[in-house]
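J.: Task: produce atomic coordinates for the following.
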Amino acid sequence: MNIKVQIERSLRPNLPNLLASATVMLDTEAGPLRIHDCRLLQNKNGIVWFSLPTFSMQHGQRQFEYRPTIEVPPALAQQISAQALRAYDAWERDQAVGRP
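T.: Numbers count the residues shown, from 1 in each chain. As a prediction, the model looks like this:
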């Protein structure tokens with residue numbers, strides 16, 4: 001399966017651990033599939049990780065539960081994550097030298 005990832009600057013400045021947004025494009029037998037609103041995040045230890053889109057459900061005044069918008073098989077999720085992290089590294093290097 002062909003996996004492409006497009007990285008973009010995040011438009012959510014209020015989320016400090018959000019490094020970038022991503023769109024994943026998968027070529028399938030049925031045709032192309034695009035997954036928007038993916039995220040590249042950084043945890044407190046400085047590790048960058050990839051997240052497929054989620055939505056939040058509020059429980060009480062200050063508690064939220066995040067649920068997946070899309071679920072994919074674990075092996076495919078690993079492939080997408082690896083490709084997204086490679087794309088983010090390349091995008092970040094381009095940003096460091098001043099290219100879009």
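
J.: Tell me if I'm right that residue 19 and residue 40 touch.
T.: Yes - in this structure residue 19 lies within contact range of residue 40 using C-beta atoms under 8 Å: 4.6 Å. From N, CA and C alone the C-beta is placed, and that goes for glycine too.

J.: Looking only at neighbour counts, state which of these two leads.
T.: Neighbour totals were compared for residue 19 and residue 40, and residue 40 leads with 24 against 19 (other C-beta atoms under 10 Å).

J.: Tell me the spacing between the more buried one and residue 88.
T.: Distance, residue 40 to residue 88, by C-beta to C-beta, to the nearest Å: 5 Å.

J.: Which residues are in contact with each of those two?
T.: By C-beta atoms under 8 Å, 6 or more residues apart in numbering, residue 40 and residue 88 have these common neighbours: 7, 19-20, 22, 48, 50.

J.: that's a helix at residue 13, yeah?
T.: No - according to DSSP: H, G, I helix; E, B strand; the rest coil, residue 13 belongs to no helix; its state is coil.
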